[in-house]
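A.B. asks: Quick one: sequence plus predicted model below, questions after.
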Amino acid sequence: MPDIIMIRCLIVKTSTYNRDEVGKVVQIRAQVEGLKLGTGVQEKLAEEGERSSLRWNPPIQVFL
């Protein structure tokens with residue numbers, strides 16, 4: 001089997017972030033970008049990030 005097909009067949013298990021982890025990501029990103037977040041913004045973004053996802057999932061490719 002060619003390496004490229006084997007690599008694309010690899011499944012990587014991921015888990016969702018909890019609210020505290022999302023809040024930390026938002027805080028770090030704001031610092032890196034030089035942003036000052038208003039009152040409650042980090043908490044709102046953490047709540048939304050916990051409910052949805054911060055991960056990008058590439059399309060699954062199936063080779064027949």
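C.D. replies: Sure, I can see it.
A.B. asks: In the chain, where's the longest helix?
C.D. replies: Assignment by DSSP state H gives helix 19-33 as the longest helix of the chain.
A.B. asks: pLDDT value on the nearest residue to residue 26 once chain neighbours are set aside, please?
C.D. replies: Excluding the flanking residues, the one nearest residue 26 by CB to CB, 6 or more residues apart in numbering is residue 45, at 4.8 Å. Just so you know, the C-beta spots here come from the backbone N, C-alpha and C atoms, and that holds for glycine as well. If you check residue 45, the pLDDT there is 88.
A.B. asks: and the gap between residue 7 and residue 15?
C.D. replies: Using CB to CB, to the nearest Å, we find residue 7 at a distance of 22 Å from residue 15.
A.B. asks: Using the three-state scheme, assign the residue nearest to residue 26.
C.D. replies: helix (DSSP: H, G, I helix; E, B strand; the rest coil).
A.B. asks: what's the burial count for it?
C.D. replies: If you count neighbours by other CB atoms under 10 Å, residue 45 ends up with 19.
A.B. asks: contacting residues around it?
C.D. replies: For residue 45, the contacting residues are 22, 23, 26, by CB atoms under 8 Å, 6 or more residues apart in numbering.
A.B. asks: Repeat the analysis, applying 10 Å as the threshold.
C.D. replies: Each residue near residue 45 by CB atoms under 10 Å, 6 or more residues apart in numbering is listed here: 22, 23, 25, 26, 27, 29, 30, 37, 54.
A.B. asks: any idea how far it is from residue 2?
C.D. replies: For residue 45, the distance to residue 2 - CB to CB - is 42 Å.
A.B. asks: Neighbour-wise, which one of the contacts of residue 45 leads?
C.D. replies: That'd be residue 22 among the contacts of residue 45, by other CB under 10 Å, with 23 neighbours.
A.B. asks: Leaving out the residues flanking it, which one is nearest to that one?
C.D. replies: Leaving aside its chain neighbours, residue 22 sits nearest to residue 49 (3.5 Å; criterion: CB to CB, 6+ apart).
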